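# Pasted the sequence and its predicted model underneath.
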Amino acid sequence: MEFLNYFDNVFTVYHIALLVGGTFAGIILGALPGLSPTMSVALLIPFTFHMKPESGLILLGAMYTATVAGGAISAILVNVPGAPANIATALDGHKMAQNGKAKNALHYCFISSFVGGIFGVFILIFFTPPLAALSLKFMSTEMFWVAILGITIIATLDSKSVIKGLLSGLFGLMLATIGEHPTNAVERFVFTDHLESGVHIVVGLIGLFAMPQVWNLLENFYAKKNRVFSATGDATLIQSFKLVFSKLKALSIGSIIGSIIGIIPGAGGQIAGIVAYDQSKKVSSNRENYGKGEPEAIIAAESANNSMVGPSLIPLLTLSIPGSPTAAVLLGGLLIHGIFPGHDIFTKNPEVIWTFIDSLIIAQILMLIIGLFLSRHSKWIMKVPDNYMAVGILLLAVFGTYSIQNNYSDVLIMFTLGTLMYFGSKAGFSPVPVVLGLILGTMTEEKFLLGNLIGNAKGSSFQHFTSGTINIVLILLCIASIVYGVYSSRKSKKIKA
Amino acid sequence: MKIINITKVALLAVASMMLLPAQADYPEKPIGVMVAYGPGGATDFQARIATLASGKEALIGQPIYILNKPGAGGRTGWNWFAGEASQDGYMLGAYNVPHFIAQSIVFDTKYNINNLEPLGNWGADPAVLIVGKDSPFNTVGELLAHAEANPGAVTISGAGKFVGHHIAFLQFAKASGANLTYIPASGGVDALRMVKAGETVAGFNNLSDSARSAADLKILAVADLTRHAYLPDVPTLMESGVDVDDSSVNFRGLMVPSGTPQDVVDYLASKVPAMFNDKKTQGKMKSTNSPSRVMSRDEVITMWNERQAYLTELLAGLK
């Protein structure tokens, strides 16, 4: 219970001011497409240069927590996920907003983010040593199977038909192969210099989600088909809390899956949200409502992407191995302050580390309060006329895309993908499988090639990929996921027939 | 009429002043440094520390900001720097040797040592040969004996292709004659993870990162000419009987594109090493475990030329 001793370091005027500022700014930055958690934390690191280590870390931690939750706001209100972690939230969140329940959706989102976040931090506090050892067991082959598990669910997500889902997923996987080959550094499909560094995941995310939305809004505007929003929802806070805590199944699936994915090196919230969404759908009694504005879907996805935050710091703090892309940036923030990760970090720098972890708990509480407060004002966004909204999203998309790598080529890629996706969506294709294909394709290919090199050196690549407890469990999960997908689609066809 | 004439004269005067060599009062605005890697990585945060003191009047006299242009292992940023960056001294670039030289030899890049002008070097991070803490190998000799008995089975991770770690691997394999397998991970952090987890038998990684993780690793040798102050007990590869020099050492410093006015280059070259030697900067380098080695423009030109000649030969068969 050592962590209880350091709360008084958090409760200084300066640190609370940093926490409130960091959380508020984080929610806003997270909500802007392009300013993903990774970007926001990276931008902030130079500002912490001249602070004391614990103050700098408190600010970075608050930012990390809040940006992950903030990305849900734009996902729900304008169907543009603020970061890859919020893709699953957009599926049902935006449907709820369209049904006139934007405020309710935001309430569920922040309450479940809070529950997941606190769960994750407690995992970090109490289970660091065993989980650090577990996280080392996730090697290239295990990460490959995690990516394959993600791929097994692509086809069934948000598509009019399995065939269209598969085609879109395939397109995403193909996008992932553009650029440098992961192990021999040869360029592939680089027919113009603009594609030299491939398609960045966040560039793809903005292009595929934000651009079609811009064209749709303009189309509606010129067709004088303005959206009718009668309401943004009437949920009181008490009702929302009651509803979230009545969905214990979705909440616990989200929190547990998020925590597990958090400790896997490099996986992160983007995979946590989508896997939790899919798993909770499989066991839910409301599964027919998934994709139509089901609160459980939001709860599972948002508790997962926030519960990932705490555990992603376990391998970072003890082994110097980041559990998510954002944690990787945070490593730079630690080193700059002369805090070197290691098994002895809790004994060598207890003041700094425990203060940081305690501040994460306070940050979750602040995120809940600020988030719920902002939810009340969602009507201001929902009331913006289509033409203004289109221009606003367009500006943010261009600005956000450019700022990721300060690269003009990314803006061109974003426009191209977005325009293709606009016509694709007319034909019933969804951006979700494409983005997932892009995210998982990069991971699958890299981990396969590395695992294959190592496997061949050991004698048999096949044996390398199929031995070890975690590999076998993951393979079984992949098989179960495919079998279940086929079974449930047959069953629903029979019911319709 | 008169007023218009006065305006015309004034405009002409302003215009002619603008035509005067701009570098007369260089630098008069903040200066950028392009880093070809993402924020938070070692090159990025060292660049930020190394340029901390630039605002001092006795040094450059203007603050420096960092512009990250990551992608394709650094190629995206350096291509932009050599092809498109302004040549007025307001956009500097951070170099990583041997990375950019090796890439310019192997790939069709817009940059090479002939269209870039170094200003000074701030750091040198040698590669070290590491194994996991539970590994049966305690010396380079034991590792090589195992490799001889099992050709190809010894896997060695590094941060990717054509970076310092890869050069160290190529030199090590060539000098020892052993049949080894290189595993190009996606960055130094992942390469280090592979060694800690026992996924690969060994790895080449940054001395600074490995020294920090000493509890999870055994460091067998340093790929440099001399032992390092951070690891006084670890022998060099040469001491261990493998003839590998310092060609893989990761040198970091600042440069400008060719075409930058000579007096700007001279001004910066006279100030940049002093900026790196600033007391506070050096203290910060030390507290973050970043190995410092300050070199002047002339020393860097010599080092670049040596590397160019050596790497052309080493990489000849790999294109």
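Received it, and whenever you're ready, just let me know what you need.
# burial measure for A:Gly310, as a count.
When neighbours are counted by other C-beta atoms under 10 Å in any protein chain shown, A:Gly310 registers 31. Glycine gets a C-beta too; all of them are placed from N, C-alpha and C.
# got the contact list for it?
Applying C-beta atoms under 8 Å, 6 or more residues apart in numbering or on different chains, one finds that A:Gly310 lies in contact with A:Gly117, A:Phe119, A:Gly120, A:Val121, A:Phe122, A:Ile123, A:Leu124, A:Ser259, A:Gly262, A:Leu360.
# same for chain B: which of the residues you listed are within range?
Among the contacts of A:Gly310, not one lies near chain B by C-beta under 8 Å from any C-beta of the partner chain.
# Closest to chain B out of those?
A:Gly262 (15.6 Å; C-beta to the nearest C-beta).
# got the residue ranges for the strands in the chain?
Since no chain was named, I'll use chain A. Using DSSP state E, the strands assigned to chain A run over residues A:179-180, A:187-188.
# other chain: chain B
Using DSSP E, strands in chain B cover B:31-35, B:64-68, B:91-97, B:116-125, B:127-132, B:155-158, B:181-184, B:202-206, B:217-222, B:250-257, B:292-296.
# Show me which residues of the stretch 1-150 of chain A are close to chain B?
So far as C-beta under 8 Å from any C-beta goes, the stretch 1-150 of chain A lies against chain B at A:Val41, A:Ala42, A:Leu43, A:Ile45, A:Pro46, A:Phe49, A:Leu136, A:Lys137, A:Met139, A:Ser140.
# and these, which of them are in helices?
Among the residues of the stretch 1-150 of chain A next to chain B, DSSP state H puts A:Val41, A:Ala42, A:Leu43, A:Leu136, A:Ser140 in helices.
# Considering these, which is situated nearest to chain B?
Minimum distance to chain B across these is 3.6 Å, recorded for A:Ala42 (C-beta to the nearest C-beta).
# Can you tell me how far the closest one is from B:Ala215?
28 Å (C-beta to C-beta, to the nearest Å).
# now A:Asn456
31 Å.
# Between the two, which has more neighbouring residues?
Taking other C-beta under 10 Å, A:Asn456 and B:Ala215 do not tie; A:Asn456 has more neighbours (15 against 12).
# Let me see the contact set for A:Ser378.
Going by C-beta under 8 Å, 6+ apart, A:Ser378 touches A:Ile73, A:Ile76, A:Leu77, A:Ala97, A:Ala102, A:Lys103, A:Leu106, A:Thr232.
# Just give the closest residue to the fourth one, not the sequence neighbours.
Right, A:Ala97. A:Ile76 (5.4 Å; C-beta to C-beta, 6 or more residues apart in numbering or on different chains).
# Let me see the confidence value for that neighbour.
Listed pLDDT for A:Ile76 reads 92.
# Then the one 3 residues further on?
According to the per-residue confidence, A:Asn79 scores 89 in pLDDT.
# so where's chain B shaky on pLDDT?
Applying pLDDT under 70 to chain B flags residues B:1-24, B:318-319.
# Show me the residue sitting in the middle of it in space.
Central residue of chain B (C-alpha atoms, centre = their mean): B:Asn96, 2.2 Å from the mean position.
# got a list of what it touches?
Counted by C-beta under 8 Å, 6+ apart, B:Asn96 has contacts B:Ala36, B:Thr43, B:Gly74, B:Val163, B:Gly164, B:Asn250, B:Phe251, B:Arg252.
# Could you give the number of residues near A:Phe373?
A:Phe373 has 12 neighbours, counted by other C-beta under 10 Å.
# quick one: it from A:Pro46, how far?
Taking C-beta to C-beta as the measure, A:Phe373 falls 29 Å from A:Pro46.
# May I have stretch A:254-268 as PDB, with CA atoms only?
Extracted in PDB, the C-alpha atoms of stretch A:254-268 (Å, rounded to 0.1, in the frame of the first residue of the first chain):
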ATOM      1  CA  GLY A 254     -13.600  -4.100 -21.700                       C
ATOM      2  CA  SER A 255     -11.400  -3.500 -18.700                       C
ATOM      3  CA  ILE A 256      -9.900  -7.000 -18.700                       C
ATOM      4  CA  ILE A 257      -9.200  -7.100 -22.400                       C
ATOM      5  CA  GLY A 258      -7.800  -3.600 -22.300                       C
ATOM      6  CA  SER A 259      -5.400  -4.500 -19.500                       C
ATOM      7  CA  ILE A 260      -4.200  -7.600 -21.200                       C
ATOM      8  CA  ILE A 261      -3.600  -5.800 -24.500                       C
ATOM      9  CA  GLY A 262      -1.900  -3.000 -22.600                       C
ATOM     10  CA  ILE A 263       1.000  -5.200 -21.400                       C
ATOM     11  CA  ILE A 264       1.600  -6.600 -24.900                       C
ATOM     12  CA  PRO A 265       4.500  -4.600 -26.300                       C
ATOM     13  CA  GLY A 266       3.500  -2.100 -28.900                       C
ATOM     14  CA  ALA A 267      -0.200  -3.200 -29.400                       C
ATOM     15  CA  GLY A 268      -2.000  -0.400 -27.700                       C
END
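# Which part of chain B gets nearest to chain A, residue-wise?
B:Gly71 (2.7 Å).
# Quick check: closest non-adjacent residue to that residue.
Per C-beta to C-beta, 6+ apart, closest to B:Gly71 is A:Ser197, 2.7 Å.
# Now for chain A, the helix or strand with the poorest mean pLDDT.
When each helix and strand of chain A is scored by mean pLDDT, DSSP states H and E, helix A:378-382 comes last, with a mean of 80.
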